[in-house]
Structures are given as structure tokens and as C-alpha cells.
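K.L.:
model this:
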Amino acid sequence: MVYIPDEWFNNPQNKDAVFELLGNNTDVIHENQSEVKIQILTRLKDLGETIILEHYEKNEIAFDS
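P.N.:
Residues are numbered from 1 along each chain as shown. You can find the predicted model right below:
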């Protein structure tokens with residue numbers, strides 16, 4: 001499970017896609033080097049969710065395992 005505040009979304013229509021990407025891969029997203037992690041971060045960038053990427057880089061996204 002992952003928590004992302006509404007105001008972090010550049011496009012609210014991407015909510016489902018973002019939660020699916022991050023929520024289904026919480027174990028992978030914490031790894032330093034992972035092909036899947038790189039694909040997830042690239043997909044977020046492709047979706048234009050730059051604010052979420054910035055918060056991820058600052059370790060400000062709450063993951064509940």
C-alpha cells in the first residue's frame with residue numbers, strides 16, 4: 001500500500017495508474033538497482049508525474065508493507 005496526497009498529482013486522471021505502479025511493486029521500489037524500479041520511475045515520468053518523482057527522490061512517499 002502506498003499513500004500519495006492528491007496535491008502531488010499533476011494529472012488526477014493518472015491516480016489509478018500511479019497507485020497500480022507503486023502499490024503493486026512496493027518491495028521493488030525500495031531496491032537501489034532494479035530494472036523494474038527503473039521501468040516504474042520511467043513510467044511515472046512518461047505520465048508527467050514529476051511532483052511524485054520529486055517526492056520519491058526525497059523519500060517522502062509513505063509505503064506500508
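
K.L.:
Can you show me the strands along this structure?
P.N.:
2-3, 62-63 (DSSP state E).

K.L.:
what stretches of the protein score poorly on pLDDT?
P.N.:
Applying pLDDT under 70 to the chain flags residues 25-33, 64-65.

K.L.:
Helices of that one, residue ranges please.
P.N.:
15-23, 26-29, 35-46, 50-57 (DSSP state H).

K.L.:
can you put those helices in JSON lines and add distance to D6?
P.N.:
Glycine gets a C-beta too; all of them are placed from N, C-alpha and C. Output for the helices of the chain, formatted as JSON lines (distance: least, C-beta to C-beta, whole Å):
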{"stretch": "helix 15-23", "distance to D6": "8"}
{"stretch": "helix 26-29", "distance to D6": "20"}
{"stretch": "helix 35-46", "distance to D6": "16"}
{"stretch": "helix 50-57", "distance to D6": "11"}
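
K.L.:
want to try a markdown table for the ones you listed, with mean neighbour count and distance to W8 as columns?
P.N.:
Below are the helices of the chain laid out as a markdown table (neighbours: other C-beta atoms under 10 Å; distance: least, C-beta to C-beta, whole Å):
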| stretch | mean neighbour count | distance to W8 |
| --- | --- | --- |
| helix 15-23 | 15 | 9 |
| helix 26-29 | 15 | 15 |
| helix 35-46 | 14 | 11 |
| helix 50-57 | 16 | 5 |
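
K.L.:
mind checking which of the strands of the chain is nearest N24?
P.N.:
In terms of C-beta to C-beta, the element of the strands of the chain nearest to N24 is strand 2-3, at 9.5 Å.

K.L.:
Given the closest one, what are its sheet partners and their directions?
P.N.:
Using DSSP bridges, strand 2-3 pairs in its sheet with strand 62-63 (antiparallel).

K.L.:
next one: the partner strand to chain centre, how far?
P.N.:
Offset of strand 62-63 from its chain centre (C-alpha atoms, centre = their mean, to the nearest Å): 10 Å.

K.L.:
show me the contacts for the residue most central in space within the chain.
P.N.:
Geometric centre of the chain, nearest residue: L22, 4.8 Å, by C-alpha atoms, centre = their mean. If you count contacts by C-beta atoms under 8 Å, 6 or more residues apart in numbering, L22 has them with 2, 4, 29, 40, 61, 63.
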